[in-house]
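Chemist: this one's structure only:
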């Protein structure tokens, strides 16, 4: 069995390596995937591809000085000495580097950019979205794996007793379509329904609303929208 087989099939492997580059994995999972990448040329090519691909998103954000107290953590990440930090501490670091979470996280990883030749057809439908809102601390990163699944990582947000957060897809002028209730404090995966898949693509909007426990009773958002983000091809 090859090393790359240890982290799943093509779609799952691509999503996992992308999450590794973005710094979304727990410390132990980051170390495990990093070791697999270093021992497998195909995984190294995928890692370098995602670094290059995500780096293009930096053009959307202004350069921001990194606080001095973060440099030791960044240096440890760059030179392979993983700090002994919890999953939530890693996410706090990731969010603290700048408001543009997606692009700046990649810059913080600090790898040299190398441009391998990926399978363009297989990667053409990979999408990413950063969900956040004004006046709300709810933040998620959504990564579409190109095979019908959206992998969600919660960056921040507080549970509200008696309520749940619900994910919605908004495509063009169509009414929001529920993608189900999602946890606020952990990673999760949502499989797109045929209704969502019918209009899914770059430009689709993901939104999160605060609903009664169990989700909206009407099939449409009834509570406040606490975070939104637009799916962007990567």
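Modeler: Received it, and whenever you're ready, just let me know what you need. Since the structure is predicted, the reported quantities are computational estimates derived from the model, not experimental observations.
Chemist: can we go C-alpha only for contacts and neighbour counts from here?
Modeler: Will do.
Chemist: Name the residues of the strand or helix carrying residue 167 that are buried.
Modeler: Under the criterion of DSSP states H and E, residue 167 resides in strand 163-170. The neighbour-count check on strand 163-170 (16 or more other Cα atoms under 10 Å) flags 164, 165, 166, 167, 168, 169, 170 as buried.
Chemist: just stretch 197-204 next, same as before
Modeler: Burial within stretch 197-204, assessed by neighbour count using 16+ other Cα under 10 Å, is assigned to 200, 201, 202, 203, 204.
Chemist: which of those sit farthest apart?
Modeler: 200 and 203 (8.4 Å; Cα to Cα).
Chemist: where do the contact lists of the two overlap?
Modeler: Common neighbours of residue 200 and residue 203, counting by Cα atoms under 8 Å, 6 or more residues apart in numbering, are residue 171.
Chemist: okay, now the closest residue to residue 125 other than its chain neighbours: neighbour count?
Modeler: In space, and not counting its chain neighbours, residue 125 is closest to residue 146: 5.0 Å by Cα to Cα, 6 or more residues apart in numbering. Residues within reach of residue 146, counting by other Cα atoms under 10 Å, total 18.
Chemist: same check, this time on residue 220
Modeler: Residue 220 is flanked by 15 other residues according to other Cα under 10 Å.
Chemist: quick one: low-confidence parts of this structure?
Modeler: Within the chain, the ranges that satisfy pLDDT under 70 run 1-14, 53-124.
Chemist: run the last query once more with 90
Modeler: Low-confidence segments of the chain (pLDDT under 90): 1-130, 132-137, 139, 141, 145-147, 153-156, 171-174, 185-187, 199, 232-234.
Chemist: ok, how many other residues are close to residue 51?
Modeler: Quick note: residue 51 (other Cα under 10 Å) scores 26 neighbours.
Chemist: tell me which strands and helices the host helix or strand of it is in contact with?
Modeler: Assigned by DSSP H and E, residue 51 belongs to helix 41-55. Helices and strands touching helix 41-55, by 3 or more Cα pairs under 8 Å, 6 or more residues apart in numbering; DSSP states H and E, are helix 10-22, helix 27-38, helix 101-109.
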